[in-house]
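Enquirer: Structure for the following, please:
(2 chains)
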Amino acid sequence: MAINRREALKSMVLMMGGTMIGANVILTGCAPEDRIEGLEFSEEDIAYMDEIGETIIPTTDTPGAKEAGVGSFMVVMVKETYNQEQQETFVNGLNSLKKNFKSEIGVAFMDASHEQRLNYLNSLNEELRSGDSENGPKYISMLKDLTVLGYFTSEIGATQALRYVETPGKYDGCMDYKKGDRAFAL
Amino acid sequence: MANQEYDAIVVGSGISGGWAAKELTEKGLKVLMLERGQNVEHVKDYKTATQAPWETNYRGRRSIEMIENHPVLRRDYVLNELNVDWWAQESESPYVEKKPFNWFRGYQVGGRSLLWGRQSYRIGDIDFEANLKEGIAVDWPIRYKDLAPWYSYVEKFAGISGSRDGLAQLPDGDFQPAMEMNCVEKDVAERVKNHFEGKRVITMGRVANITQPLEGRTNCQYRNKCWLGCPFGAYFSTQSSTLPAAMKTGNLTLRPWSIVTRVLYDKDAQKATGVEVLDAETNETIEYNAKIIFLCASAFNSTAILMRSATDVWEGGLGSSSGELGHNVMDHHFRAGANGMVDGYDDKYYFGRRPNGIYIPRFQNIDGDKRDYLRGFGYQGAASRSGWSREIAELNFGAPLKEALSEPGPWSMGITAFGEILPYHENTIKLSKDTKDKWGMEVLEMDAEIKENELKMRKDMMDDAAEMLEAAGLRNVNTYDAGYTFGQGIHEMGTARMGRDPKTSVLNGNNQVWDAKNVFVTDGACMTSAAAQNPSLTYMALTARAVDFAVKELNRRNL
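Expert: Below you'll find the model as predicted:
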C-alpha cells in the first residue's frame, strides 16, 4: 500500500516519541498547490466538490447539488464505499482537474464562472465518452455518479426535483402523465 | 429453572414455526417457542422502516466494511445497510461449500418471515403426482385434496391477495382482492393471452400483502419497504400475524437466544422427550421437556438438529434410518429471462410503490406442450418507467441532465423465470467434521448442483420469455442468463422428505418422523419435490395440517 506524505510524516512523529504537537501545522504548510492528500478532505475541498456537483446538477427552479450538500456526501462515499484504487482515482482526478483547469482556462476552478466550469467538465465527459475508457478521465464518471446519487436521494432532490410520497396509501397503475411532471422519488 | 415442562416445543419462529405456535396454542397446548437469535418486536424494532433515503448512510450502496464482513451476503441483493442485522452473520455461523452454495439465513424472532418475497402459490396435483408419474425420487404421500382445505385456512388468516384464474397448474385460493397491474402490464397480458390462445397467462402476483384490513393489521400502503418490517403489519410475518395470535391465548412462551442442539430421544419409548438448548448468550445448556416437538428451524437447520439427535441409536441421527436424511437438497433456479423496451404510454405513469409484480404460471410440459426436460418454470416480472438512476449518456451536464432525470424515463418490462430443481439423492448436506461455529457446533457442509434437466430448462427460460415479450410488441428484447448459484433462490427445500415408506423417506404423510412419532418437521425440509412455485404458503398449510393431526393423536394418547 502506497503511503502518502502526510501519513509518513505522522508515523515519523509517532516514532519520534508520540507527540503530535505542531504536526498539523507542518502538514498544512507542506501541501503544495493546495492538493488533496490521502482522504483528509478539508472544508475547502468539500466546497470544491460542492461546486463540481453544482456544475453537474445546477440550481434551476429548484435548488442544485451544492445546496443538497453533495460535497460532504461525496466524502462519505469515497471514504467508506470506494476501494483503495477507486479512492486514488478519485483524489488524483480532483487534483488534476484543479491543476489542468487553471493552466488551460487561466483561472482557478473556484474563481471561474458556471459556464467555464460547465464547458470544461462537459469536454472531459465527452473525452470519456468518445475515447477509450482505459485512458479517459474515469473520475468524471465518478463525480457524475456521486452527484446524481447524492442529489436525487437528498431531501432537496427527492422532495423538490422529484415527488416524494413516504406513504402512498394506494396504488394507481394507470395515472395520467404529461411531459414535465416530475418523477416519484424511490 | 422453573417450568421446563411444556405440552409442545416449537423450534424456530419463522413462517412455519409461527404457524405451529399459533395452531398449538389455540388448541390449548402450553407451548415453548425457541429461537436461536435475537428478539425483534413488531413495529418497535423496525428501526429503518420509516427512514427517508437521505437519512441513510450509503443511499442503497454498500460500504467496504460491510462487504469485507459479509463474504456470503455480499453475493446478492441481501447485503443492505438497512437490514443487515436480520441476516445471519457468517462470521459467527459459517458453513462449508463443497460446491458453491449461497445460504442466506434469518436468525432472529420471525426468521425470514420478516424478509421474504411474499409470493404465495398453491401447488397442485400436477406437482404432487409428478414424481410418481415420472419415476423420480419417491411419491408424495399426499395429494392436492389433502392440502386444499389447509391452504384455504392459512390463506384466510395470512391474507393473500390475488386473482382467481381457474388454472389446473396453479389452483385458486381464498384470496383478498388482487393488486392492480399497471397499464403496460395489462396490455402485455392481453396480447400474450391472444397470441398464445390462452395457453400462456399473465396474472397478478399472489402475494402475502393484504389489500383489505385484518385484525390488528392495516391494508398495504404501497411503500415497498416490506423487508424492513412493516409498521402497518400489511404483510404476513410471524410478528404481524401468527405471534400475536399465539400470544393472545396466554399459552405461549417465546425464548430468543436459544440454539437447539438436539432432540432428546428415549430409545425405550421410541419417542422424543424434549430438546437440549444452548443459550447463545450465556453458553448455558438447558433441557426442556414436552410431549410434541415441531422442528421449524428452516430446512437445513431442522435437518442438522435431526443429525445431531439420537446418535447413540443411529449414527447419522434421528431419521437417518431411511438413508435420505440430508439428501435431495432443492431450491429454485432463476435469474434467466428477458426484458425489452415498451414504446408509447408516454402519457401514462403509476402512483404508489407496489411490492409485487406479475406472475406467469408454468406452461411447459402441460396441455400437450412437450419439452426435452421434465417439469417447468414460472415467471415473475413487472413493467415500469425508469427513474433518475438511468444512464443518459448523450446528455451534457447541467440543467438538461437535471431536468431529464427529474422526469420518469421510458417504459420497459422484464420477466425472470423460477424453475423446478429435481430432487437428486446426491445433492446433500452433512455435518462438517472440522468446521465449527461460534458456539463450537459442527456446521453444515453443502454439496449440491443443478444438472442437465435444469440446464436445458434455462435455455427455455430465456427463449420463452423473449417469445412472449416480442409477441406483446416490445422492442430491443434481450435475453439473459445472469447465472445461478445453488441456494440463491432462498427456497431451501428437501433433506428430510415426506414419503410413504420409512425405508425411503424421513417423514410420513403427516410430517411425523417415522422413527419418533412425536417429532414433526413442517418447514421446507419436508418437501418431496420442489414444484416451480414459491414454497412458503405450502409450509404454512402443511404446518397447520400437521398440528391438527398431532393434537388429535395426542388426545387419543397415541403420542
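
Enquirer: distance of the nearest residue to residue B:232 once chain neighbours are set aside from residue B:43?
Expert: Excluding its sequence neighbours, the residue lying closest to residue B:232 (C-beta to C-beta, 6 or more residues apart in numbering or on different chains) is residue B:218, at 4.0 Å. C-beta here means a position set from N, CA and C on the backbone, and glycine is covered the same way. Look at residue B:218 and residue B:43: by C-beta to C-beta, to the nearest Å, they are 11 Å apart.

Enquirer: and the gap between the residue nearest to residue B:232 and residue B:234?
Expert: From residue B:218 to residue B:234 the distance is 6 Å (C-beta to C-beta).

Enquirer: now swap in residue A:118 and tell me
Expert: 46 Å.

Enquirer: sec struct for the spatially most central residue of chain A, please.
Expert: The centroid of chain A falls nearest to residue A:49 when counting by C-alpha atoms, centre = their mean (4.2 Å). Taken by DSSP: H, G, I helix; E, B strand; the rest coil, the conformation at residue A:49 corresponds to helix.

Enquirer: ok, it to residue B:468 distance?
Expert: Where residue B:468 is concerned, residue A:49 sits at a distance of 47 Å (C-beta to C-beta).

Enquirer: More neighbours: residue A:118 and residue B:234, which one.
Expert: A direct count of neighbours by other C-beta atoms under 10 Å in any protein chain shown for residue A:118 and residue B:234 places residue B:234 higher, at 24 against 19.

Enquirer: which residue packs closest to the more buried one, ignoring adjacent ones?
Expert: residue B:220 (4.3 Å).

Enquirer: looking at chain A, which helix or strand does the model trust least?
Expert: Scoring the helices and strands of chain A by mean pLDDT, DSSP states H and E places helix A:23-30 at the bottom, with a mean of 39.

Enquirer: For the nearest residue in space to the residue nearest to the centre of chain A that is not next to it in sequence, grab the count of nearby residues.
Expert: Sequence neighbours aside, residue A:71 is the residue nearest to residue A:49 in space, at 3.7 Å (criterion: C-beta to C-beta, 6+ apart). Neighbourhood size, residue A:71 [other C-beta under 10 Å]: 24.

Enquirer: Touching the helix or strand hosting residue A:71 from outside, list them.
Expert: Element membership for residue A:71, per DSSP states H and E: helix A:70-81. Helix A:70-81 is contacted from outside by A:39, A:41, A:45-54, A:57, A:86-87, A:90-91, A:143, A:146-147, A:149-151, A:154, B:57-58, B:61-65, using C-beta atoms under 8 Å, 6 or more residues apart in numbering or on different chains.

Enquirer: Could I have the buried ones of the residues you listed as ChimeraX selection syntax?
Expert: Here is the ChimeraX command that picks out the buried ones among these, judged by 16 or more other C-beta atoms under 10 Å in any protein chain shown:
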select /A:39,41,45,46,48,49,50,51,52,53,54,57,86,87,90,91,143,146,147,149,150,151,154 /B:58,62,63
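
Enquirer: touching chain B at all, the longest helix along chain A?
Expert: The single longest helix within chain A, with elements called by DSSP state H, is helix A:84-105. No: Helix A:84-105 lies out of reach of chain B by C-beta under 8 Å from any C-beta of the partner chain, never closer than 8.9 Å.

Enquirer: what's that helix packed up against?
Expert: Helices and strands touching helix A:84-105, by 3 or more C-beta pairs under 8 Å, 6 or more residues apart in numbering or on different chains; DSSP states H and E, are helix A:43-56, helix A:70-81, helix A:114-130, helix A:138-152.

Enquirer: so residue B:542 is in which element?
Expert: For residue B:542, the host element (DSSP H and E) is helix B:536-555.

Enquirer: who does that helix touch, helix- and strand-wise?
Expert: helix B:15-26, helix B:144-158, strand B:285-295, strand B:512-513, strand B:516-521.

Enquirer: In a strand, residue B:341, correct?
Expert: Yes: looking at residue B:341 with three-state DSSP, it is inside a strand.

Enquirer: In the stretch 1-150 of chain B, where is pLDDT below threshold?
Expert: Applying pLDDT under 70 to the stretch 1-150 of chain B flags residues B:1-3.

Enquirer: Apologies, that question was intended for chain A.
Expert: In chain A (pLDDT under 70), the answer is A:1-33, A:132-136.
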